[in-house]
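Undergrad: pasting the sequence and the predicted model now:
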Amino acid sequence: GVLLNLLLLYIIRRYSNEDLGTYKYLIATFAAHDIFLTILHSILRPKNILTGTVFSLVADGPFESRHFTCIYSACFTVPFSLMTFHFIYRFWAVQKYLMCYFATTGYSNDDALHEVQQVFEETYDKRIEKGWIILDHWVS
């Protein structure tokens, strides 16, 4: 991921012509953020735990911290925002109707966290103390 995105940045910088306009900046932003996210992923080594209705994320690298896990989750969502800008750019470029709607919801509780800790310990043979419940989907 890092090498190919560096190659893309080089190609954008070296070979893009004026016809590409400001679109090259959007593509360069995608590539630069993907480089950052790839490096962050290799450092934090996040693990997803799915158990019952609970989806959680745990940093299994040298920095087991809720803060770093939260930063990773936030950085992971940036491409969705960039994609929104991409759609807006394309809307302006081709003058066609486009509508996007993004929604997210989440719920967490201590019972779900204990369940995630137990499944993580059974799966990876390692005890975690810090992690986030990203989504607990349940129907009431």
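TA: The structure has been received and is ready for your questions.

Undergrad: how deep is residue 49 tucked in, by neighbour count?
TA: 21 (other Cβ atoms under 10 Å). Bear in mind the C-beta positions are built from the backbone N, C-alpha and C, glycine included.

Undergrad: let me fix that: residue 51
TA: Neighbour tally, residue 51, other Cβ under 10 Å: 17.

Undergrad: do you know the pLDDT at the closest residue in space to it that isn't next to it in sequence?
TA: The shortest distance from residue 51 to any non-neighbouring residue, by Cβ to Cβ, 6 or more residues apart in numbering, is to residue 119 (4.5 Å). Note for residue 119: predicted pLDDT of 82.

Undergrad: sec struct for residue 62, please.
TA: At residue 62 the chain is in coil, as set by DSSP: H, G, I helix; E, B strand; the rest coil.

Undergrad: I figured it was touching residue 68, is that so?
TA: No - Residue 62 is not in contact with residue 68 according to Cβ atoms under 8 Å; the separation is 9.8 Å.

Undergrad: what count of nearby residues applies to residue 74?
TA: Residue 74 has 9 nearby residues by other Cβ under 10 Å.
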